[in-house]
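> Fold the following and give me the result.
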Amino acid sequence: MLRNVFLKTLRDRRRGVIGWSLGLVALVIFSLALYPSVRDSAEDLTKLTESLPEEILALVGGEIDFVTGAGFLNTRFFAFMGPLLLMVFTIGFGARTIAGEEQEGTLELLMATPRPRRSIAAEKLAALLVAVSVLGLVLWAALAWGSETWGVGVPAARIGGAVLGSVLLALTFGTLAFLVGSATGRRALASIIATVAAVVTYLLSAYSSLVESLRPWRYASPWYYYDSAGVLREGLQPGNVLVLLGLVVLFSTVAILSFDRRDVGV
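Predicted coordinates:
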């Protein structure tokens, strides 16, 4: 049972992955089923949103568009709700994977085996990446089907690009939680730091367009490179993908090295 940490970790989290998958599918159906009625009322909704203060618009992604299919998908799902849900899953998974097991005492069984620490951390991290990727595939399939079913009209490739961005953004903070948990062995601290980082960088990205002094700092926010609205309209920007992927690799590498060198309290 302990010979394959990767498969065991996935098995232990299988119910969560299944539950989250079903929840995402239900959310997609509920959201996209509204599109025909929203499209018919798009003119009135546009007038309403145009009257909103800039501060409110910044918090929901900077634009609210119910006229086009891409705008609807971004406003309804990708600007905030989609990445938020994936982030909750990845941060929880990342914080629990090593730190949670250490505090519960179950990590001791693994540490008693001759397996290298780096191997244990790498396999648990791989399980996190696979679990989130499964959610991303489920989300893409549901959105592509929903777009076709309810006439949203966004190509599956563009939806796939937005989902990929959401997954990478969620993994950025999920691997940060994994890093903190691996370095400290404290699950709550890992969750708090990753969550605070996600909120602070979101606000930084949102308000950098309104506050002149924050504008130079927008490049420090992973949310800046997410740009779901642009992806749905024009496709993926390779540079943005590389930045998010680089952060995931950086946090993952530091996490593995930190766990390898730390005195684990088991």
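> count of residues packed around residue 133?
Counted with other Cβ atoms under 10 Å, the neighbours of residue 133 add up to 13. Any C-beta I mention is one placed from the backbone N, CA and C, and that applies to glycine too.
> check contacts around the closest residue to it other than its chain neighbours.
Leaving aside its chain neighbours, residue 133 sits nearest to residue 167 (6.8 Å; criterion: Cβ to Cβ, 6 or more residues apart in numbering). Counting by Cβ atoms under 8 Å, 6 or more residues apart in numbering, residue 167 makes contact with 86, 132, 133, 135, 136.
> May I ask which helix or strand encompasses the fourth one?
When secondary structure is defined by DSSP states H and E, residue 135 falls within helix 117-149.
> after that helix comes which helix or strand?
Under the assignment DSSP H and E, the closest C-terminal helix or strand after helix 117-149 is helix 156-184.
> angle of that next one against helix 117-149?
For helix 156-184 against helix 117-149, the angle by axes from the mean of the first three to the mean of the last three Cα atoms, to 10 degrees is 150 degrees.
> who does whatever helix or strand comes next after helix 156-184 touch, helix- and strand-wise?
Note on helix 156-184: by DSSP H and E, the next helix or strand toward the C-terminus is helix 187-207. When contacts are defined as 3 or more Cβ pairs under 8 Å, 6 or more residues apart in numbering; DSSP states H and E, helix 187-207 packs onto helix 54-59, helix 81-95, helix 156-184.
> if you set the cut-off to 10 Å instead, what comes out?
helix 54-59, helix 81-95, helix 101-104, helix 156-184 (3 or more Cβ pairs under 10 Å, 6 or more residues apart in numbering; DSSP states H and E).
> Out of those helices, the one nearest residue 200 is which?
helix 156-184 (11.0 Å; Cβ to Cβ).
> Regarding residue 210, what is its secondary structure?
coil (DSSP: H, G, I helix; E, B strand; the rest coil).
> Count the residues that sit near it.
Residues near residue 210, counting by other Cβ under 10 Å: 13.
> how far away is it from residue 203?
11 Å (Cβ to Cβ, to the nearest Å).
> roughly how far apart are the residue lying closest to residue 36 once chain neighbours are set aside and residue 21?
Closest residue to residue 36 apart from its sequence neighbours, by Cβ to Cβ, 6+ apart: residue 150 at 6.1 Å. Note on residue 150: its distance to residue 21, by Cβ to Cβ, is 20 Å.
> one step back: would you mind checking the contacts of residue 167 for buried ones?
86, 132, 135, 136 (16 or more other Cβ atoms under 10 Å).
> Closest to residue 185 out of those?
Checking these one by one against residue 185 (Cβ to Cβ), the nearest turns out to be residue 132, at 22.7 Å.
> Residue 16 versus that closest one, what's the distance?
Distance from residue 132 to residue 16, counting by Cβ to Cβ: 11 Å.
> do residue 202 as well
Taking Cβ to Cβ, one finds residue 202 at 24 Å from residue 16.
> cool, residue 127 as well?
Taking Cβ to Cβ, one finds residue 127 at 12 Å from residue 16.
> Compare the two (neighbour count), which wins?
Comparing residue 127 with residue 16 by other Cβ under 10 Å, the one with more neighbours is residue 127, at 21 against 15.
> Would you mind measuring from that one to residue 134?
11 Å.
> Quick check: neighbours shared by residue 132 and residue 16?
Counting by Cβ atoms under 10 Å, 6 or more residues apart in numbering, the common neighbours of residue 132 and residue 16 are 89, 93.
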